[in-house]
Structure formats: C-alpha cells, structure tokens
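Asker: Sequence first, then the predicted structure, then my questions.
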Amino acid sequence: MSQIPDLNKPASTKEETIVALATPNGTGAIGIIRLSGPDAIAIANSVFKGKDLTQQASHTIHFGNIVDGEVVLDEVLASVFIAPKSYTRENVVEISCHGSAYIIESIIKLFIRQGARGAKPGEFTLRAFINGQLDLSQAEAVADLIASNSKASQQVAMQQLRGGYSNQLKQLRDQLVTFASLIELELDFSEEDVEFANRGQLKQLVVDISKMINQLIQSFELGNAIKHGVNTVIAGRPNAGKSTLLNALLNEDRAIVSHIAGTTRDTIEEILNINGINFRLVDTAGLREATDTIEAIGVQKTLEKISQSALLLYVFDAEAMTGADVALDLENLLHPGVPVVAVANKIDLLSDGKLAAGFNLPAEVELITVSAREKQHIDQLKQVIYNSAVQGKLTGNETLVTNIRHLEALQKTEQALVRVLNGIDNPITSDFLAMDIKQALHYLGEITGSVTTDDLLDNIFSKFCIGK
C-alpha cells in the first residue's frame with residue numbers, strides 16, 4: 001500500500017537520537033561522529049567539558065573535551081546545528097575527534113550509554129527525506145555524489161541533488177493534478193453529462209508531458225554511462241596491437257605485449273578518464289579460430305564483452321590487413337546502437353601508398369590511424385573515443401536519468417499517458433480517463449517520493465553507508 005511520507009513516524013524512527021561515524025572507517029587524522037535527534041545536543045553536552053552546548057547558537061563550533069567520568073577520551077570540536085536548520089531538520093551535533101579507531105569507538109559507545117542508538121545505513125538521509133529536507137530523488141543523489149568517481153558523474157549527481165530533476169517532475173505532476181481534479185469533478189456531475197476538463201487542452205498537455213518524459217528516458221543511456229563509466233571494448237584479430245594500444249592509452253605497461261599471436265587469453269579491464277568521463281577499457285583476446293581450449297574460452301569471452309559494450313574499438317593491422325579483411329571483421333562486429341571506431345594500427349610500418357588508398361568502411365564507422373608502439377595519434381584517438389560516446393549530448397545543464405528505478409517509473413508513466421491519449425481520441429468515460437491519469441501521477445510520484453512504500457525506502461536507504 002502506498003503512502004505519503006510525513007512527520008508522524010513511529011518513535012523508533014522519529015523520536016530516537018541516532019549516532020554513527022560519518023567519516024570512513026580506519027585510522028586517520030580526524031574522525032567525525034554525528035548525532036541526530038531530539039536529544040542530540042543534550043546527549044553530547046552530558047559528556048562534553050567546555051561551553052554548555054545547550055545554550056549555544058546554531059551553526060557554531062566549540063572546543064572542549066569528551067569525558068567518560070573522570071577519564072578524558074579526547075580533545076574535540078563540537079559543531080552544533082539546531083532544528084530545523086540541519087541536514088536532517090533535527091538537532092544535530094558533529095564531534096570532530098582524532099582519528100584513532102579506539103577513540104572513535106569509545107566515544108560512540110559513550111553516546112549510546114547516554115541514550116543514543118546506533119544509526120542504520122542511510123538513516124540520517126532517510127530522516128532528511130521524512131522531514132521534508134530532500135525528496136527521494138535528491139536523497140538518492142546523495143548516494144550517487146558519494147560514489148562519484150569522475151567530474152561528469154559528480155556534476156550529474158550535484159545537479160540532481162540541487163533539485164533540477166525534482167523541479168522538472170514536480171511541474172509535470174502539478175499540471176496533471178489540475179486536470180485530474182477537473183476529471184474527478186465531472187464524476188460528481190455524471191448525471192448532468194458535463195465536461196469541466198477541456199479535452200483539447202488535456203491532449204496537448206499530455207503530448208507535451210510525453211515528449212519531456214521521452215527525453216528523460218532517452219537520457220538514461222548517457223546518464224548510466226556517466227555514472228558507471230562507458231564500457232569500451234578493444235577487439236580485433238591476434239597481433240593487431242590491442243594490448244599495445246591499451247598500454248598507450250593508459251600511458252603505462254598494463255598488458256603483456258609480444259610479437260607472438262594470441263598472447264592475451266583473458267580480458268584485462270582498466271579505467272581511462274577523458275575530459276571528466278570514465279571509460280572502462282576492456283582488452284580482449286584476438287578474434288580467430290582458436291588453437292587450444294584456453295584460447296577458445298578467451299575468444300568466447302571476447303564475443304560476450306563485445307555484446308555488452310557501449311563503444312567498440314576495432315583494432316586492425318593496417319600493414320597486414322586488406323580492405324576485404326576489415327569489411328569481413330566489421331560485418332561480424334557491428335551491433336545496432338553501438339558506436340564503432342576503427343583503429344588502423346602500425347602506421348609507422350605502412351607505405352605511403354597504402355595509407356593514401358585507405359579502407360572502404362561503412363559510413364557509421366569512424367576511422368583513425370595510429371601507431372600504438374610509437375604512440376602516434378593517441379591523443380587524437382582519445383578525443384574520438386570521447387566524441388563517439390558523449391559529443392553533443394552533455395552540456396552540463398541538462399537533466400540526465402542515472403537511476404534504473406527512475407527509468408522504470410518513467411517508462412510506466414509513458415505507458416499510462418499513452419492510454420490517456422487513446423482515451424481522448426477514442427472517447428471513454430471520465431472514470432476510466434481519471435484512472436489512467438492517476439496511474440501516471442502515481443509513477444511520477446514514486447520518483448520523488450510523494451508516493452512510497454516502506455519496502456521501497458528500506459531498499460533504497462539500506463544501500464547507503466552508515467553515517468550518511
């Protein structure tokens with residue numbers, strides 16, 4: 001059963017004060033212990049020797065000692081945040097102590113003895129959501145921001161955290177709610193056979209919303225690539241120079257290189273960051289008729305990786321390969337929707353005449369010539385790789401869907417809106433039309449959290465780290 005989050009939560013989630021380490025586990029210079037809840041300031045103050053924290057203004061920091069009876073555990077800084085001006089909209093105290101695992105554990109145990117409870121994964125952000133500080137998509141953006149490992153993934157998460165995505169969905173939902181209300185009003189006057197909701201205006205609104213929903217759905221491919229990295233497979237025949245190319249792109253000797261064909265038997269995966277985007281490079285075994293069982297397994301893995309790729313770098317020996325050879329390889333490698341870059345390698349060994357003759361490639365395949373061994377044109381190749389994945393798609397201001405849960409909700413919203421349009425074009429009664437509009441509203445609400453279930457919240461926040 002769906003429900004709208006409010007502040008009337010059980011004592012176990014609203015009235016208890018929780019505590020956890022907010023910085024990573026392990027020894028470091030500083031550790032930050034976070035308390036949140038109605039008694040956070042009082043609990044911290046009961047073991048803090050310095051200023052009376054209960055009398056201090058919000059957003060202030062105070063030096064003092066944390067003591068357990070007569071024993072001083074550490075010299076600390078206590079940061080005070082008074083509700084509702086805090087991350088969780090509750091009273092919050094953050095204790096900055098030395099990063100000793102023993103000190104941190106001792107202070108947390110002391111707070112628990114004073115009445116706090118150990119926080120569950122994501123419970124601070126869950127409280128921020130329950131208390132209206134964040135909507136659900138913004139809360140998920142917090143986890144994405146923590147996990148971001150590139151400039152682009154950080155920017156996308158930050159844009160979502162700031163509400164760009166949420167605001168866009170709220171505008172769509174508010175417009176639909178207006179028409180849903182008018183349709184409901186028609187049901188109250190069904191005997192009079194009147195229409196309060198202009199069907200022409202409703203149809204135009206649904207068309208406009210469907211267009212925006214479709215744009216968000218289409219953005220998932222890029223958003224998911226930015227979040228997780230672009231799966232980029234390096235494939236080609238044995239001895240084409242795939243491993244040498246991987247080493248050149250990474251600027252390190254990551255893969256074993258040999259003149260003996262079939263050196264690479266298993267896949268090698270590494271991360272290459274280009275202009276803030278992570279590309280997950282996968283060096284694969286050479287494509288040929290295998291000569292032994294182990295090589296056969298390697299070739300099978302190569303084919304599997306190619307089928308899963310978001311970008312394919314087809315590497316071939318420009319000196320040894322003919323145009324017919326390249327065409328045959330590409331015929332087997334091309335997959336709908338997967339960009340392919342043909343990398344003509346070993347141009348340092350190539351005669352000027354053959355280089356000028358070129359290779360007859362399909363229009364959708366971009367060709368670049370390199371010498372992986374001599375590291376010629378490697379920077380140009382990196383730019384081609386970047387352009388193939390994201391050129392023209394990423395401006396820094398657009399809304400990108402990065403979450404599979406959001407994608408599924410948007411797809412269900414789109415299906416409901418199609419039913420609404422069909423109901424307008426092939427007139428159906430107001431009650432059926434209202435039902436389809438409600439379905440669209442429900443799925444949009446699932447994204448921002450205006451419609452949730454306890455199971456959904458448990459699933460989302462259980463994936464957060466403890467302390468956030």
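Answerer: Thanks, I have the structure now.
Asker: alpha carbons only for contacts and neighbour counts from here, please
Answerer: Will do.
Asker: in stretch 88-104, what counts as buried?
Answerer: By neighbour count with 16 or more other Cα atoms under 10 Å, stretch 88-104 contains the buried residues 88-100, 104.
Asker: With stretch 124-133 instead?
Answerer: Buried, per 16+ other Cα under 10 Å, within stretch 124-133: 124-131, 133.
Asker: for stretch 305-325, the distance to its chain's centre please.
Answerer: 30 Å (Cα atoms, centre = their mean, to the nearest Å).
Asker: on that earlier part again, any chance of the buried residues of stretch 88-104 in a markdown table with pLDDT and distance to L172 as columns?
Answerer: Below are the buried residues of stretch 88-104 laid out as a markdown table (pLDDT from 0 to 100; distance: Cα to Cα, whole Å):
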| residue | pLDDT | distance to L172 |
| --- | --- | --- |
| T88 | 95 | 27 |
| R89 | 96 | 27 |
| E90 | 96 | 31 |
| N91 | 97 | 34 |
| V92 | 97 | 35 |
| V93 | 98 | 38 |
| E94 | 97 | 38 |
| I95 | 97 | 42 |
| S96 | 97 | 43 |
| C97 | 97 | 46 |
| H98 | 96 | 48 |
| G99 | 94 | 47 |
| S100 | 94 | 50 |
| I104 | 96 | 47 |
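Asker: now, among those, which is nearest to L182?
Answerer: R89 (35.9 Å; Cα to Cα).
Asker: still on that earlier bit, going by distance to H228, which of the buried residues of stretch 124-133 wins?
Answerer: Among these, and counting by Cα to Cα, the member closest to H228 is T125, at 22.5 Å.
Asker: pLDDT weak spots in the stretch 151-300 of the chain?
Answerer: 184-198, 254-267, 286-300 (pLDDT under 70).
Asker: all strands in it, in order from the N-terminus.
Answerer: For the stretch 151-300 of the chain, the strands defined by DSSP state E, counting those that start in this stretch cover 230-236, 268-274, 277-283.
Asker: Now intersect the buried residues of stretch 88-104 with the helices, please.
Answerer: I104 (DSSP state H).
Asker: tell me the two of the buried residues of stretch 88-104 that are most distant?
Answerer: Longest span within those, Cα to Cα: R89 and S100, 29.5 Å.
Asker: which ones are touching V207?
Answerer: If you count contacts by Cα atoms under 8 Å, 6 or more residues apart in numbering, V207 has them with L421.
Asker: Let's see that with 10 Å instead.
Answerer: 201, 213, 417-418, 420-421 (Cα atoms under 10 Å, 6 or more residues apart in numbering).
Asker: follow-up on the earlier one: make TSV from the buried residues of stretch 124-133 and add secondary structure to it.
Answerer: Compiled in TSV, those are given as follows (DSSP: H, G, I helix; E, B strand; the rest coil):
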residue	secondary structure
F124	helix
T125	helix
L126	helix
R127	helix
A128	helix
F129	helix
I130	helix
N131	coil
Q133	coil
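Asker: Relative to N167, which of those residues is nearest.
Answerer: Q133 (14.2 Å).
Asker: Quickly note the distance from D325 to E319.
Answerer: D325 sits 12 Å away from E319, going by Cα to Cα, to the nearest Å.
Asker: which of those two has more neighbours?
Answerer: Neighbour count, other Cα atoms under 10 Å: between D325 and E319, E319 has more, with 17 against 12.
Asker: Need the three-state assignment for that one.
Answerer: Secondary structure state of E319, per three-state DSSP, is coil.
Asker: doesn't A344 make contact with it?
Answerer: Yes - using Cα atoms under 10 Å, E319 is in contact with A344, at 8.7 Å.
Asker: Quick one: neighbours of H335, just the number.
Answerer: Neighbours around H335, by other Cα under 10 Å: 15.
Asker: Would it be right to say that it lies in a strand?
Answerer: No - the assignment for H335, made by three-state DSSP, is coil rather than a strand.
Asker: Would you mind measuring from it to A363?
Answerer: H335 is 14 Å from A363, where distance means Cα to Cα.
Asker: one step back: which among the contacts of V207 end up buried?
Answerer: Judged by 16+ other Cα under 10 Å, buried ones among those: 213, 417-418, 420-421.
Asker: pLDDT weak spots in the stretch 351-468 of the chain?
Answerer: For the stretch 351-468 of the chain (pLDDT under 70), the answer is 351-358, 391-398.
Asker: now the helices for it?
Answerer: Remark: helices assigned in the stretch 351-468 of the chain by DSSP state H, counting those that start in this stretch are 352-357, 378-390, 404-425, 430-448, 454-461.
Asker: Return the most buried member of those.
Answerer: helix 430-448 (a mean of 20; mean count of other Cα atoms under 10 Å).
Asker: Any regions of the stretch 1-150 of the chain where pLDDT drops low?
Answerer: Ranges of the stretch 1-150 of the chain meeting pLDDT under 70: 1-14.
Asker: Now stretch 32-47: buried residues?
Answerer: 32-47.
Asker: Kindly report the domain assignment for the protein.
Answerer: 11-135, 142-219+401-448, 255-271+284-390 (automatic domain parsing).
Asker: Let me have these in CSV, adding distance to N459 as columns.
Answerer: Formatted as CSV, the domains of the chain follow (distance: least, Cα to Cα, whole Å):
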stretch, distance to N459
domain 11-135, 10
domain 142-219+401-448, 11
domain 255-271+284-390, 27
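Asker: Quick one, which of those domains gets closest to K463.
Answerer: domain 11-135 (6.9 Å).
Asker: I figured L205 hits R173, correct?
Answerer: No - between L205 and R173 there is no contact under Cα under 10 Å: 11.0 Å.
Asker: overlap in contacts of those two?
Answerer: Common neighbours of L205 and R173 (Cα under 10 Å, 6+ apart) do not exist.
Asker: Just give me the neighbour total for N360.
Answerer: 12.
Asker: Quick check: V341 is in a strand.
Answerer: Yes - counting by three-state DSSP, V341 is part of a strand.
Asker: ok so, going back, can you redo the buried residues of stretch 88-104 as TSV with distance to I66?
Answerer: Listed next are those as TSV, based on distance: Cα to Cα, whole Å:
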residue	distance to I66
T88	24
R89	25
E90	22
N91	19
V92	17
V93	13
E94	12
I95	9
S96	11
C97	9
H98	11
G99	14
S100	14
I104	11
